[in-house]
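1. Could you look at this predicted model? Sequence included:
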Amino acid sequence: MVMTMGELWTQVGSLMATVVFVCAIIQQYFPVPLRAHIDRYAHKLTGLLYPYITITFPEYTGERLRRSEAFTAIQNYLATRSTIRATRMRAEAVKNSKSLILSMDDNEEVIDEYEGVKIWWTSTKVMLTNKSFSRYPSNDEKRSYQLTFHRQHREIILETFIHHIMEEGKSVEKKNRQRKLYMNSSKNEWWHKSNWRHVPFEHPAKFRTLAMDPEMKQGIINDLIKFKNGKEYYEKVGKAWKRGYLLYGPPGTGKSTMIAAIANFMEYDVYDLELTSVKDNSELKKLLIEISNKSIIVIEDIDCSLDLTGQRKKKKTEDEGDKEMKDPVKQAEKEEEKQSKVTLSGLLNFIDGIWSACGGERLIIFTTNHKEKLDEALIRRGRMDKHIEMSYCSFAAFKVLSMNYLDVEWHESYHRIDQLLKETEMTPADVAENLMPKYEGEETDECFKRLVGALETAKEEAKKKAEEEAEAAKKAEKEKEAEAAKRAEKEKEEKEAAAKKDEESSIYTAENNGIKCNGVATKEAKENGHMENDQNS
Ligand SMILES: Nc1ncnc2c1ncn2[C@@H]1O[C@H](COP(=O)(O)OP(=O)(O)OP(=O)(O)O)[C@@H](O)[C@H]1O
Ligand SMILES: [Mg+2]
């Protein structure tokens, strides 16, 4: 019969108690030099009585910032072993609830064997009580796995077994992995250890169904493959194993769809970072540390999240502002928003600072409708290594959509559609909407007809708009010319008036100085003349 760790302990327990008792006596009655000597022998004796080694694998390392990879690997490894021997297990649904994984429950024990060597695994959970006063009960728990084995197998355990469980654990994880879509939460409730919440990632987008220029698509795929296999290369060049993509283009051109396609292609988790919910730079850093490897960090509409000075941007109409003032919930939200202090430099550090190298194999993707609004520093190479323009629907992109939505490779309207797509701008989202059958059994002909109609309408509208704009521009030009003529006229009049004024003032000065004008002396001059005459007489 196999002896459990509990039984083992009971047997050695009484012997150990005796040793401890003897040690206590020695501590009290023997002089210090002798005590050290006796201690050493006591240690040896304990070793003889309890010749087992225990290694602890805590769940969190580094001040609880990141979950230990070894802990996760052991958990996955034990999921396969515990089904055989453990009596209490925990079940978790994975892969769209199609399968269950069973793991060892807390404070449970499992006996394992590796190449004839017996190993005891125990899982422990310790609740840490928070001494400081809090309204909420503390939920700080410390989990760990203990691996116990006989001293004589030290070599095999340390040299091969640990490596074996890491490999095995990782492969189990890969098999059962349900990819996740994470979002950050502004409210850090006490019962959540992490600032990220997640749901299973189930977006069906694939590169195959993504409508865009085929060469460009292949370029992106090649870039991603190179990145995925680039661990050694990044190490060689001394660069953190991460890559930034900037997706820009008008709404409805497939930026979000592209992110989902990348996530599915790379088999990465997605962390959708909502910057407006992050309180400050240090919270941003904490979020970054919690992000696992093999993940995509997404910041959508980056131009709307931060302005160039790093302050929150939230332009609202006056009407909206008034409404918010009356709504207490919105007011509270606004208050909270005011407290958000993520700066541009905080964001730059998030992407490229030393903390960004904690963990590897990460893609950072920004999306924007207005690339020109972004700060140069934010999108420089090294931060956003690849800039991808998602543009209006081309004919090549349309063909992909036609296959996706109607399973049609060629249709007589293709030539017309090709021509119309060159003449007008329509987003893939609009093309897709027109191609999609609107009721069960709608003929493909009708769908293409609808698309041609929509493209023609769009072309007409664009033409009308261009004409209106040209008209408006012409009118504005005319108004500008009229304004310029008016200004010139006014300037001329002002100049003439000034000249006239100058002339008048020169006459006035001349009269004041007694210069005869038209042979008549001024009154003052005459008076002055009299005075002079009087003085002479
Ligand atoms: N290039 C594309 N390939 C396939 N489907 C597309 C493409 N572009 C758009 N679509 C379809 O249109 C819808 C909207 O696209 P998506 O949300 O990816 O646009 P976006 O560029 O992210 O827009 P926004 O800038 O408004 O966020 C998607 O659900 C998808 O079905
Ligand atoms: Mg989008």
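-> Thanks, I have it. Ligands and ions are numbered 1, 2, ... in the order given.
2. pull the longest helix from the chain.
-> In the chain, ranked by residue count with DSSP state H as the criterion, the top helix is helix 444-512.
3. for that helix, the distance to its chain's centre please.
-> Taking Cα atoms, centre = their mean, to the nearest Å, one finds helix 444-512 lying 46 Å from the centre of the chain it belongs to.
4. for stretch 173-183, same thing?
-> Per Cα atoms, centre = their mean, the displacement of stretch 173-183 from the mean C-alpha position of its chain is 17 Å.
5. mind starting the numbering at 5 from now?
-> Fine by me, first position is 5 from now on; the one you just mentioned is stretch 177-187.
6. Ends of that stretch, what's the gap?
-> End-to-end distance for stretch 177-187, by Cα to Cα, to the nearest Å: 22 Å.
7. thinking again about what came up before, which secondary structure elements does the longest helix of the chain contact?
-> helix 399-410, helix 418-427, helix 432-439 (3 or more Cβ pairs under 8 Å, 6 or more residues apart in numbering; DSSP states H and E). Glycine gets a C-beta too; all of them are placed from N, C-alpha and C.
8. The first one versus helix 448-516: what angle between them?
-> Between the axes of helix 399-410 and helix 448-516, defined by axes from the mean of the first three to the mean of the last three Cα atoms, to 10 degrees, the angle is 140 degrees.
9. What are the contacting residues of helix 399-410?
-> With contacts defined as Cβ atoms under 8 Å, 6 or more residues apart in numbering, helix 399-410 is touched by 213-218, 397, 412-413, 415, 421-422, 425-426, 432, 435-436, 439-441, 448, 451.
10. Which parts of it count as buried, going by neighbours?
-> Applying a neighbour-count criterion of 16 or more other Cβ atoms under 10 Å, one finds 400-406, 408-410 buried in helix 399-410.
11. Can you identify the element that follows the strand or helix carrying residue 128 toward the C-terminus?
-> Per DSSP states H and E, residue 128 falls inside strand 121-132. Following strand 121-132 in sequence order, the next helix or strand is strand 144-154 (DSSP H and E).
12. and for that following strand, what are the contacting residues?
-> Under Cβ under 8 Å, 6+ apart, the answer for strand 144-154 is 9, 55-64, 75, 78-79, 82, 110, 121-132, 134, 161.
13. okay, the residue in the stretch 305-454 of the chain that ligand 2 sits nearest to: pLDDT?
-> Per Cβ to the ion, the residue of the stretch 305-454 of the chain with the smallest distance to ligand 2 is residue 371, at 5.8 Å. At residue 371, the model reports a pLDDT of 95.
14. Equivalent analysis for residue 505, please.
-> pLDDT, residue 505: 89.
15. Just give me the neighbour total for it.
-> Residue 505 has 10 neighbours, counted by other Cβ atoms under 10 Å.
16. For ligand 1, see how far away it is.
-> Distance from residue 505 to ligand 1, counting by Cβ to the nearest ligand atom, to the nearest Å: 63 Å.
17. Contact residues of this protein facing ligand 2?
-> By Cβ under 5 Å from the ion, the residues of the chain that approach ligand 2 are 259-260.
18. Measure how buried the residue of the chain at minimum distance from ligand 2 is and give me the count.
-> Here the chain gets closest to ligand 2 at one residue, residue 260, 3.3 Å apart by Cβ to the ion. Residues lying near residue 260 (other Cβ under 10 Å) number 18.
19. May I ask you to confirm that it is in contact with residue 369?
-> No: look at residue 260 against residue 369 with Cβ atoms under 8 Å: they stay out of range, at 9.9 Å.
20. hang on, the earlier thing: where does the residue of the stretch 305-454 of the chain closest to ligand 2 fall, helix, sheet strand or coil?
-> Assigned by DSSP: H, G, I helix; E, B strand; the rest coil, the conformation of residue 371 is strand.
21. State the distance from it to residue 363.
-> 23 Å (Cβ to Cβ, to the nearest Å).
22. what about this protein, any weak spots by pLDDT?
-> Filtered on pLDDT under 70, the chain yields the residue ranges 5-39, 43, 46-47, 49-52, 66-70, 86-107, 132-144, 190-197, 310-344, 514-541.
23. Mind doing that once more with 50?
-> Low-confidence segments of the chain, defined by pLDDT under 50: 5-6, 136-142, 312-322, 324, 328, 520-530, 533-541.
24. Please list the residues of it that sit near ligand 1.
-> By Cβ under 6 Å from any ligand atom, the part of the chain that sits against ligand 1 consists of 214-216, 255-261, 373, 394, 432-433, 436.
25. OK, now which residue of the protein is nearest to ligand 1?
-> Nearest residue of the chain to ligand 1, counting by Cβ to the nearest ligand atom: residue 258, 2.8 Å away.
26. give me phi/psi at that residue?
-> phi 100, psi 20 (degrees, to the nearest 10).
27. got the domain boundaries for the chain?
-> What automatic domain parsing lists as the domains of the chain is 55-182, 186-393, 399-466.
28. And the second one, end to end?
-> To tie it back to what came earlier, the one meant is domain 186-393. End-to-end distance for domain 186-393, by Cα to Cα: 26 Å.
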